[in-house]
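Visitor: the following block contains a protein sequence and its predicted model.
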Amino acid sequence: MSERNHDVYTRIAKAQSAEEIHHLLSFEGDDIQALLRQACIDDAHVEMCTNLVRLHVFPACEMLREAVLNLENGKTFEALYDCIGTLIDQNELDELFLLSSAARTDDTVVRYLVNKGANVRATMPMDIYPRVDPYQFEWEDDEDDEDENEEFVDDTSVRQNAIVVAIYENPKPSRMVGYLISLGVPVNEPDSEGYVPLLHALDDEEIVHVLIAGNAEVNVTDPQGNTALMLACESENVASAIGLIEAGANVFTLSKQGYSALHFALMCHVQDNTEVVRALLKAGADPNLADKEGFTPLKLAMLNCALQSVIEVLKEGGAEYRD
């Protein structure tokens with residue numbers, strides 16, 4: 001911390017009125033928001049922050065929000081919360097818990113906030129699902145629809161629990177997900193769209209492993225009836241797919257189109273998924289099961305230009321080509 005910053009923090013901490021603080025900030029050329037961010041980097045000046053709240057220069061919730069997002073030392077956050085935490089309500093406390101799930105890389109603050117009464121089932125809105133503008137296919141020169149297009153509101157936010165927040169936002173998500181599970185955040189609770197945390201995590205095998213270890217249901221399905229294993233196979237998340245198989249995911253479940261996980265694994269070949277195909281067959285997947293259109297796994301693999309290693313594994317597993 002520079003001598004200049006320390007001097008400013010000390011003078012604000014000793015100020016007797018909001019006017020005195022505003023005059024000081026104006027004289028120093030400081031913006032209050034920038035000052036607080038710098039204070040957090042400097043490991044915060046708790047007395048200064050407390051005085052800013054006491055003199056109504058800065059709301060308690062916003063002060064704590066800045067601290068939870070920017071303050072590196074969790075113990076300093078605790079000291080600040082101990083001074084002004086009684087000034088926030090339950091919803092604001094829950095928000096701090098969710099923000100800490102997104103921003104913190106250790107468990108100090110999330111555990112502290114839960115001990116202070118944060119709701120582990122709390123949720124916050126996130127824009128993670130795509131929505132189609134119902135007017136995007138209208139003729140652009142249709143004057144009658146211009147006003148209607150302007151009124152379209154693309155509200156894509158869906159409330160998510162702390163685990164999903166950590167999956168998408170935390171710089172070290174698998175570690176934070178583990179902390180949150182240990183605190184009791186539900187691992188199998190779906191959002192309003194019908195997706196559980198595991199379905200959000202398939203791109204990251206480390207998170208998948210942590211969720212499975214935390215008793216996530218491996219045979220969970222999305223709203224279309226596709227299992228986590230099917231989705232992992234379809235998107236060629238090799239490590240996640242193998243992890244699900246090793247955890248006992250059902251390889252016999254069929255989608256509405258009659259696809260098994262093996263069919264999904266053979267639809268795209270950007271990645272080498274030979275080991276996924278091998279693991280599916282070893283787990284008992286039927287190499288000759290035809291989907292509703294009559295495509296067997298081998299036929300599907302050949303139509304989609306699968307690697308020769310995939311073709312060989314299928315044949316070794318008993319796959320037969322059928323017209």
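Guide: That came through, no problem.
Visitor: if I pick Met63, what's in contact with it?
Guide: If you count contacts by CB atoms under 8 Å, 6 or more residues apart in numbering, Met63 has them with 36, 49, 52-53, 80, 84. C-beta coordinates here come from the backbone N, C-alpha and C atoms, glycine included.
Visitor: what about it, helix or strand, and which?
Guide: Using DSSP states H and E, the element containing Met63 is helix 60-70.
Visitor: which positions within that helix qualify as buried?
Guide: For helix 60-70, the neighbour count (16 or more other CB atoms under 10 Å) marks 60-61, 63-68, 70 as buried.
Visitor: so Cys233, which state does it fall into?
Guide: Three-state assignment for Cys233 (DSSP: H, G, I helix; E, B strand; the rest coil): helix.
Visitor: equivalent analysis for the one 3 residues further on, please.
Guide: Under the three-state scheme (three-state DSSP), Glu236 adopts coil.
Visitor: you'd agree it is up against Thr274?
Guide: No. Look at Glu236 against Thr274 with CB atoms under 8 Å: they stay out of range, at 11.4 Å.
Visitor: all the helices of the stretch 201-323 of the chain, residue numbers only.
Guide: Counting by DSSP state H, counting those that start in this stretch, the segments of the stretch 201-323 of the chain that form helices are 205-213, 228-234, 238-246, 261-265, 274-282, 297-303, 308-316.
Visitor: hmm, who's touching the third one?
Guide: Applying CB under 8 Å, 6+ apart, the external contacts of helix 238-246 come out as 201-205, 208-209, 212, 218, 228-229, 232-233, 251, 261, 265, 271-273, 275-276, 279-280, 283.
Visitor: over to stretch 274-287?
Guide: For stretch 274-287, the surrounding residues in contact (CB under 8 Å, 6+ apart) are 233, 236, 238, 241-242, 245-246, 251-252, 260-262, 265-266, 296-298, 307, 309-310, 313-314, 317-320.
Visitor: distance from that stretch to the middle of the chain?
Guide: Averaging C-alpha positions (CA atoms, centre = their mean, to the nearest Å) puts stretch 274-287 30 Å from its chain's average.
Visitor: buried set for it?
Guide: By neighbour count on 16+ other CB under 10 Å, the buried set for stretch 274-287 is 274, 276-281, 283, 285-287.
Visitor: and stretch 18-27, by the same measure?
Guide: 21, 25.
Visitor: list the contacts of it.
Guide: Applying CB under 8 Å, 6+ apart, the set of residues contacting stretch 18-27 from outside is 8, 11-12, 15, 31-32, 35, 51-52, 55-57.
Visitor: which of those residues are buried?
Guide: 8, 12, 15, 35, 51-52, 55, 57.
Visitor: pLDDT weak spots in this structure?
Guide: 1-4, 27-30, 40-44, 131-155, 323 (pLDDT under 70).
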